[in-house]
Structures are given as C-alpha cells and as structure tokens.
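Student: fold the following for me, if possible:
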Amino acid sequence: MNADAGSLGFGHFITQADVVGKVLLLILIVMSVASWAIIAMKGVSLHLRKGRSHTFLNFFWNATSLESVAAEISTHGARDPFSHLTAHAMQAQAHHAKYGASKLEEAGSSSDFVTRTIKKVLDEETTRLENGLAVLATVGATAPFVGLFGTVWGVYHALVAIGMSGAGTLDKVAGPVGEALIMTGLGLAVAIPAVMGYNWLTRANRVLAAKLDAFAYELHTFVSMGQALGHGVEGDAAPTKVRSMPTRPVAA
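Tutor: This is a model prediction of the structure:
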C-alpha cells in the first residue's frame, strides 16, 4: 500500500486485494453477466413474441371460422401466447364434446371446462413471462451491498497496512482508501442496469398480460357460444378480466 500515486488504480487494487476482495469482485462480475444475459434474452424473446402475436391476431380476427384458425395453428404451430391459448381452448372444447366429463377435472359444462383450461394457460403464460425477473430483482437489491462490503473490507486492510508502516499522512491514506471505493462504484454499476431491465420487462409483461386477458374473454365466447360479445376487439383492446369468467367483462 506504499505505492506512488501514479501506480494507484483498479489494477493496483486487484493485485493488493486478498481472497475476500477477489471473491466479492468475482460475485459482482457473475451478477453483471447474468443480468445482461437475462435482459438480452428476454428482450429478444419479447420482440419476437410481439411480432408473432400481432401476426396471429391479424389472422385470427380475419379468419372465416375457428376451423381455419385451427388449421393455421396446426400448420405453423403455436409460437406466441395468443395462439397457444387459442389452441388449448379449442382442444378443451373438442375434448369435452367428444368424451364429456369422464374425470373430475372435466366436471361441469363444456363452458366450465374451457374456462378452467383458459385460466390454466394464462397462469402458465404468466409464469413463463416472469422467468428470470427474480434474478434481476435480486441483483438490483444486493449488488450495491456486495460492493459496499468490498469497500469496507478494502478500507480496513488499507488502514491496517498504513498503521503498520507508520506513515499516517493524508497522501498515504487517500490513495489506498480511494482504491477501496472502487468496489462501491462497481456494485452500483451492476445494480443499475438490473433494476432498469427489471422495470422495463415487468411493464412489458403487464401490458401483454392485459391484452391476453382481453383476448381470452372473447376467445371463450367464440369457443363456447360461437360468437363474440365485443366489436372489433383485437390484441390492443382494453383489458378485461377472464379470471371470473363467464361473467361480464370489466372494462379497464
């Protein structure tokens, strides 16, 4: 810790750090890599999901019948939340019409069975959308404290080394202590992108979930009754809750 001011810096701090300091730095690096990886993957997934959903909804609302929608899904597969929900709803209706209530989970009318299926798929989609967000929240909440602990640890060892050398002047203290503050800055640099990414993805997921809820009510009506209650309700419609189907939709 007696290095000249010109030799002080991040590199000197790393070379002088003990095992604890290096482990804390490694933890921050892992947190940063994990955060950016999740933000990148979720961002790309969100972009693809948005485009595919728009394409499917355009086809759905311009289709002449549910049979043509089923054929489209059978040909290209369910690649977005809306087509996934549609496929399961139509399969549930067809299964109940063919086999009836042969098991406890199929009890009730066809409308009840479709409702339960839609609720299940909505829960699955919500869980899929939220995958990885807990990691971003954890990094955003803990990274500053990991950096702060590294700073405290570095300051402690810097002061111990200065005390043992007997050189307690300001120029001998400021350098090593300033180096230790690097860990606090690194903690903030890791936490800020994680928090911003978490907020962005949470809002995007909330908007998509609201559109999916609105579509689910209309889909339930189509599958169960063969007609839509709303007029011109597409993916961008005001959200209505399907959680209490088949009651009247609640406007946003």
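
Student: neighbours around Asp123, how many?
Tutor: By the criterion of other Cβ atoms under 10 Å, Asp123 has 11 neighbours. In this view, the C-beta of every residue, glycine as well, is placed from N, C-alpha and C.

Student: which element is it on?
Tutor: helix 110-130 (DSSP states H and E).

Student: between helix 110-130 and the helix or strand harbouring Lys42, find me the angle.
Tutor: Using DSSP H and E, Lys42 falls within helix 19-62. Angle, helix 19-62 to helix 110-130, by axes from the mean of the first three to the mean of the last three Cα atoms, to 10 degrees: 140 degrees.

Student: what packs against helix 19-62?
Tutor: helix 66-76, helix 81-99, helix 133-165, helix 182-225 (3 or more Cβ pairs under 8 Å, 6 or more residues apart in numbering; DSSP states H and E).

Student: what sits closest to Leu219 if chain neighbours are left out?
Tutor: Ala89 (5.5 Å; Cβ to Cβ, 6 or more residues apart in numbering).

Student: ok, now how distant is the one you found from Gly178?
Tutor: 62 Å (Cβ to Cβ, to the nearest Å).

Student: settle it for me: which of these two has more neighbours?
Tutor: Ala89 (22 against 16).

Student: the more buried one and Thr115 touch, don't they?
Tutor: No - under the criterion of Cβ atoms under 8 Å, Ala89 makes no contact with Thr115, lying 9.3 Å away.

Student: between these two, which contacts overlap?
Tutor: Common contacts of Ala89 and Thr115, defined by Cβ atoms under 8 Å, 6 or more residues apart in numbering, comprise His220.

Student: just to revisit the earlier point, just send the helices and strands packed on helix 19-62 back as TSV, with mean pLDDT and distance to Met41 too.
Tutor: TSV is the format used below for the helices and strands packed on helix 19-62 (pLDDT from 0 to 100; distance: least, Cβ to Cβ, whole Å):
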stretch	mean pLDDT	distance to Met41
helix 66-76	84	23
helix 81-99	80	17
helix 133-165	86	11
helix 182-225	90	11
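
Student: and of those helices, who's closest to Leu46?
Tutor: Nearest of the helices and strands packed on helix 19-62 to Leu46, taken as Cβ to Cβ: helix 182-225 at 5.6 Å.

Student: run the chain-centre distance for the closest one.
Tutor: Centroid separation for helix 182-225 versus its chain: 6 Å, with Cα atoms, centre = their mean, to the nearest Å.

Student: Ser68 versus the residue nearest to Ala34 when sequence neighbours are not counted, what's the distance?
Tutor: Leaving aside its chain neighbours, Ala34 sits nearest to Val135 (6.0 Å; criterion: Cβ to Cβ, 6+ apart). For Val135, the distance to Ser68 equals 41 Å [Cβ to Cβ].

Student: one more: Glu218?
Tutor: Per Cβ to Cβ, Glu218 is found 17 Å from Ser68.

Student: who has more neighbours out of those two?
Tutor: The neighbour count for Glu218 versus Ser68, taken as other Cβ under 10 Å, is higher for Glu218 (21 against 13).
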